Structures are given as C-alpha cells and as structure tokens.
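Chemist: build me a structure from this.
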Amino acid sequence: MEIRSTTEQDLDVFVDTLHAAFGRFPETPSEGGGGVWWAATEMDRNLLAVAAEGRPVGTAGSYSFELTLPGGTLAPAPGVTGVGVLPSHRRQGVLTAMMRHQLTELRARGEFLSVLLASEAPIYGRFGYGPATYTGNLKVSRHRAGFALPRARGTADAPAPGTVEVLRRAECGDLLEEVYDRYRRTQPGALSRPHRWWALGAGQPPIAPAPRYIAVHRDADGVPDGYASYSLDGETLNVDETIAADDAVTTALVRFLLQHDLVTQVVFKHFPPGHPLRWQLADFRAAEVGYDTDWLWVRLLDVPRALTTRGWFGDGELVLDVDDPFLGEHDRYLLTVRDGKAECDPTDREPDLSLDVRDLGSVYLGGTAPSTLVRAGHIRAHRPGAAALADALFSAERPPHCLHWF
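Modeler: From the prediction side, this is the model:
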C-alpha cells in the first residue's frame, strides 16, 4: 500500500473514495461549486491510501485554521478531516498508517498541534487526540421562558444597549464573516473560518447558503456585535449558532428569539457549557439540556512549544511525564509558569504528574480539569496537591468553546 499526497486533479477521486467509505453518494454541488462540504478542501494537505492494485482505499485531509488559545494567542491549527477507509480494507492497518503519515507530515510543516471532530469517540484517542471542548443543545419552552427582572447594568442578564434587526442570509454574508472573526479572536477554543469558506458556501449554516434568517444585534453606535442564525420547523425555532461579543449581547439575542410568534419551543444548538441562560429565566426548568457532547479534539505534536505558546492564569511548577505511545515517544518536562508565561524544559526530576499525550490535549485549552482525569484514572498524580496545582495552571479565562463544523 502507498500513501501519497493529492493534487487538484485528485479531487473527484478523493471525494468519491471518502463517500464510499461512509456508504454515501456525493451531493450535487450548486452552481460555482458552493454549498457542499468539500468546496473548501485544500488538496495540497490531503492524503490518499492506494492499494497494491492501484485502487484508492482510504483518505485523510486537513484544513488550515487558526485556534484561539487561552490568553488570546492565535495558533496555526490544522483541522483534520475527511478520514475514511473503504469497508473492504478496514482493520488492515490502513487508518493507522494514514494517521502516522499525516502526523509526521504536519510536524514537517512546523505545526505544533492539530485538531479534529471525532465521528466516533473511541477512534482517535489511540492516535493521541483528546476531547478538549464541549458543546450542548438547549431546548427552551417559549411559553415558560420569562426572564427574571434585569439586574444592574454590566451583568449578563441586563439589557444590552442597541438594536436587533432581521435579515436574510443572502443579504449579510460579509457582516456574518466580520462578526464571527471578531468573536473567535477572543474565545478560547474557537477556530477561524477562512474567507474561502464563506465565499464558497462550504460547511453548515450560516456559512452554507441554505435559507436562514439572521437576527443581527447592533450596539448603541450601530456597529454589528452579534448575530443568531435560525429557521422555523413547524412550531420549533432552530438556532444554528449564536455569536456575540459578550453575555449581554447573547442575552439580547436570546430574548428576541424567545419572543417569536407561533413558536412553542426554541432550540439553541452549540450552547457553551456553563452558560448562564437557565439562571436568567424565572423558571429554571423552562430550559433543558438536549445533549452534552465533546466537540473539538486536540493533539499536541510539540509539547514544549504548545505549552509555551498559550497564556496562563496562575504561577507554579509542575514536572510532567508525557507518554506518546502512537509516535513511540516518552519525555519529561519541567513546566514553570510565571506572570502568564511558561517555560517548558526537559528534566530528570521526579514527576508530579504522569499522563498520556491525549490527556495533555484534553486539558490544554482549559476545558477539562486535570483533577477530573486523575479521578478517572487517566492521569497519575505522584504527590498531594499536584492535581490541584494543575487545575489552577491549566484553567482558562473562560471555558473553551468551538462551534465550527469541518
């Protein structure tokens, strides 16, 4: 079997092979190639696994994204996607070979981490990926969704100054791109949406050109600072995503959507964990979590570089003994954090924590507490207080959240 990089001439083969791996047929692209997931595919970053007889049997690719790290640093983050193996060639080492080839290639490009969305949770842990952000679906009964009395200005449930207007998706593509880009630069765990995604209509609504209404919030000066993309299905209002500069703008958009006529239920997709909406309602039970699931998985390729690039919110030292069984590496590092910055150097000191690289990926963005993984038996703490110190060091300014699909 050969694993080779693809070119633009391989697009049809790549798409057909991936669809066959999942037992599907490619949808028909709209005029101009927009509106299908592969419209933004970067063929110079994709791989084909080719069997001895010359037939393509597997695919793997990645996108060029930026990931917002704790502290606001924007880091290059290849988004692994399009991974599939034909049913006739599964459990024969094809996937393992592609993933090892891809990680080696990403390192050669100078990447220090990669990310993906896992179609099945058990698959990618063995390749060093760990779940790092989480998302939920919030279902709100409209007729029970009265807000408690507003509190002082500056709190999340106080009215945000400004206005909300309704536009059609086709009217405001540039506006959506601009507002999202400002939002993702301040939200840990958020991914960039390159301009070509918007221009080609790749991905899911509101990037895709599917019919949607957009509730746009403008601040007191008329500058757009938030939006919600939604559609109506019977008596249910489905909200694709809610993007806002702060909690007050989110509240203003939520209030607006909950006032929609002829609706019995509003479903907010991709609501971040710990969002205060349920506490803002007079009836706490009016909002129910429909699902709570992992979203963005993180894989560190260069541990020292990854740890020294993100921002930190406490001071202290930890010796981390990191095992990377998939790449056959085992290293021990002294992590020293002072005044929001870290140094990470090889050391022979006794470890404070022993962990797999996948667990380091899970705690990297601050969305998974190291102590949780200690209690789960994933991470081994070698001294009292090590897990608590790790919790303090690896925390973020707010929970990481990613809602971009790729």
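Chemist: need the longest helix for this structure.
Modeler: Among all segments of the chain classified by DSSP state H, the helix with the greatest residue count is helix 94-108.
Chemist: would you mark the buried spots in it?
Modeler: Neighbour-count burial for helix 94-108, counted by 16 or more other C-beta atoms under 10 Å, picks out 94-95, 97-103, 105-106. Just so you know, the C-beta spots here come from the backbone N, C-alpha and C atoms, and that holds for glycine as well.
Chemist: next one: phi and psi at the residue of the chain most remote from its centre?
Modeler: The outermost residue of the chain relative to its centre, with distances by C-alpha atoms, centre = their mean, is residue 53 at 37.9 Å. Recorded main-chain torsions at residue 53 are phi -80, psi 0, according to degrees, to the nearest 10.
Chemist: any idea how far it is from residue 2?
Modeler: In this structure, residue 53 and residue 2 are separated by 11 Å, where distance is defined by C-beta to C-beta, to the nearest Å.
Chemist: return the distance of stretch 253-273 from the chain's centre.
Modeler: Centre-to-centre, stretch 253-273 and its host chain are 22 Å apart (C-alpha atoms, centre = their mean, to the nearest Å).
Chemist: equivalent analysis for stretch 284-300, please.
Modeler: On C-alpha atoms, centre = their mean, the centre of stretch 284-300 falls 12 Å from that of its chain.
Chemist: over to stretch 18-31?
Modeler: Relative to the centre of its chain, stretch 18-31 is centred 24 Å away, using C-alpha atoms, centre = their mean.
Chemist: residues of that stretch that come out buried?
Modeler: 18-21.
Chemist: which among those gets closest to residue 116?
Modeler: The shortest approach to residue 116 among these belongs to residue 18, at 14.5 Å (C-beta to C-beta).
Chemist: packing partners for whichever helix or strand that closest one is part of?
Modeler: Under the assignment given by DSSP states H and E, the secondary-structure element containing residue 18 is helix 11-21. Applying 3 or more C-beta pairs under 8 Å, 6 or more residues apart in numbering; DSSP states H and E, we find helix 11-21 packed against strand 47-50, strand 56-68, strand 74-85.
Chemist: quick one on the thing from earlier: tell me how far the residue farthest from the centre of the chain lies from residue 1.
Modeler: Here the distance between residue 53 and residue 1 works out to 10 Å (C-beta to C-beta).
Chemist: residue 333 now?
Modeler: Using C-beta to C-beta, one gets 36 Å for the distance from residue 333 to residue 1.
Chemist: in terms of neighbours, single out the busier of the two.
Modeler: Just comparing residue 333 and residue 1: by other C-beta atoms under 10 Å the higher neighbour count belongs to residue 333, 21 against 14.
Chemist: count of residues packed around residue 124?
Modeler: With neighbours defined by other C-beta under 10 Å, the count for residue 124 comes to 23.
Chemist: residue contacts, it?
Modeler: Residues touching residue 124, when contacts are defined by C-beta atoms under 8 Å, 6 or more residues apart in numbering, comprise 116, 118, 297, 299.
Chemist: chain center to the helix or strand hosting residue 279, what's the gap?
Modeler: With elements taken from DSSP H and E, the one containing residue 279 is helix 277-280. Remark: helix 277-280 is offset 24 Å from the chain centroid, using C-alpha atoms, centre = their mean.
Chemist: may I have that helix as CSV, with CA atoms only?
Modeler: Included here for helix 277-280 are C-alpha records, laid out as CSV according to Å, rounded to 0.1, in the frame of the first residue of the first chain:
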residue,chain,number,x,y,z
LEU,A,277,-29.2,31.4,30.4
ARG,A,278,-31.0,28.9,32.6
TRP,A,279,-30.3,31.0,35.7
GLN,A,280,-31.6,34.1,33.9
